[in-house]
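Colleague: What follows is a predicted structure for the sequence shown.
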Amino acid sequence: METPSFFERQSVKQWCWRLLIGSLTVLFCIDAFVLDRYSKFSKHGGIQSIDGSVFFYVGIAFFGALFLGLVAKILHKLLSAEETYYTNDY
């Protein structure tokens, strides 16, 4: 029986998920409690506009990553060739 590769092991997967969730929790806490809130577009500052709200930049990054993932999936569907595309093509 062949042993799975490093990242296919169940214990490594659990460790990676815990590391990911832990680092995201730390970043959310830093964004919520440590960083000062100020708006770059509002004259009054603070939470007067959306860019001064808590988790705004985290949310923008999250939705940007989701959007890029969706674009990559769509491009993969549109541009990928079948496995047998290059068969007997010498």
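Modeller: On my side now, so go ahead.

Colleague: To which secondary structure element is G64 assigned?
Modeller: helix 56-79 (DSSP states H and E).

Colleague: Can you name every helix or strand that that helix contacts?
Modeller: Here helix 56-79 is seen to pack against no other helix or strand when contacts are counted using 3 or more Cβ pairs under 8 Å, 6 or more residues apart in numbering; DSSP states H and E. Where you see a C-beta, it was placed from the backbone N, CA and C, and this is true even at glycine.

Colleague: List the buried residues for that helix?
Modeller: Judged by neighbour count (16 or more other Cβ atoms under 10 Å), helix 56-79 contains these buried residues: F56.

Colleague: and the residue lying closest to S39 once chain neighbours are set aside, how far is that from C29?
Modeller: Leaving out its chain neighbours, the residue that sits closest to S39 by Cβ to Cβ, 6 or more residues apart in numbering is G52, at 3.5 Å. When distances are taken as Cβ to Cβ, to the nearest Å, G52 and C29 turn out to be 19 Å apart.

Colleague: So the two - more neighbours on which side?
Modeller: Remark: of G52 and C29, G52 carries more neighbours, 18 against 10, as counted by other Cβ atoms under 10 Å.

Colleague: Give me the pLDDT for that one.
Modeller: Model confidence at G52, expressed as pLDDT, equals 76.

Colleague: got the end-to-end distance for stretch 25-33?
Modeller: 12 Å (Cα to Cα, to the nearest Å).
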